[in-house]
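Asker: the following block contains a protein sequence and its predicted model.
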Amino acid sequence: NGTQTIYELIGKEQIRLLTSYFYQEVSTNEALKKLYPEDLAPAEERLFLFLIQVFGGPETYSEQRGHPRLRMRHAKWKIDAAMRDHWMNAMLNALDQLELDPNVREAMMSYFVKAANHMINHE
Ligand code: HEM
């Protein structure tokens, strides 16, 4: 059914797992770790709520944080192609730990690739 959102297809628990795996990757990546806060739990919650919203679920993220304006929120970090690759690899490794339908995985991948490229703000 082409009208179903990714959120409807995979559910909140898969997104919870994805963000948890992603932050496990962050915690073992020296380049990323320098940018993120010491306590990763609140950051994990923000990404969790954002991804629920972006994949078609409830808009709790915006209720709590306002309009995402992600590029602006990332302006305080130097994000070059190498940093984008660190982030993408962490997300790919996290995605690989879920057992997703290949079409769903593909759709999520292309969203993340686009979004990560959009976050680059430095040569
Ligand atoms: C926040 C880095 C790409 C979504 C953050 C934070 C850092 C960061 C250091 C602060 C963590 C926190 O306290 O919440 C990066 C880097 C990226 C990248 C280096 C490399 C391309 C992305 C992408 C997305 C994203 C592609 C979307 C899929 C978010 C969200 C927040 C966040 C939703 C929390 C914003 C807020 O409400 O304050 N990012 N990020 N990031 N990032 Fe990224």
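Answerer: Received the coordinates, thanks. Numbers count the residues shown, from 1 in each chain.

Asker: roughly how far apart are Asp80 and the ligand?
Answerer: Using CB to the nearest ligand atom, to the nearest Å, one gets 9 Å for the distance from Asp80 to the ligand. All C-beta spots, glycine's among them, are computed from the backbone N, C-alpha and C.

Asker: and the residue nearest to that residue when sequence neighbours are not counted, how many neighbours?
Answerer: Spatial nearest neighbour of Asp80, excluding adjacent residues (CB to CB, 6 or more residues apart in numbering): His122 at 4.5 Å. Per other CB atoms under 10 Å, the neighbour tally for His122 reads 11.

Asker: tell me where the model's unsure across the protein.
Answerer: Within the chain, the ranges that satisfy pLDDT under 70 run 1-2.

Asker: most centrally placed residue in it?
Answerer: Closest residue to the average C-alpha location of the chain: Leu47 at 5.8 Å, with CA atoms, centre = their mean.

Asker: surely that residue touches Ser20?
Answerer: No. Using CB atoms under 8 Å, Leu47 is not in contact with Ser20, being 9.9 Å away.

Asker: which residues sit in contact with Leu95?
Answerer: Leu18, Arg105, Met108, Met109 (CB atoms under 8 Å, 6 or more residues apart in numbering).

Asker: can you flag the buried ones in those?
Answerer: Taking 16 or more other CB atoms under 10 Å as the criterion, what is buried in the contacts of Leu95 is Leu18, Met108.

Asker: which of the contacts of Leu95 fall within helices?
Answerer: Leu18, Arg105, Met108, Met109 (DSSP state H).

Asker: so can I have CSV of these showing distance to Asn89?
Answerer: Formatted as CSV, these follow (distance: CB to CB, whole Å):
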residue, distance to Asn89
Leu18, 14
Arg105, 16
Met108, 15
Met109, 12
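
Asker: ok, the residues you listed vs the ligand, which is closest?
Answerer: Met108 (9.7 Å; CB to the nearest ligand atom).

Asker: ok so, going back, tell me which two in the contacts of Leu95 are the farthest apart.
Answerer: Leu18 and Met109 (12.0 Å; CB to CB).

Asker: I appreciate the help and will end here.
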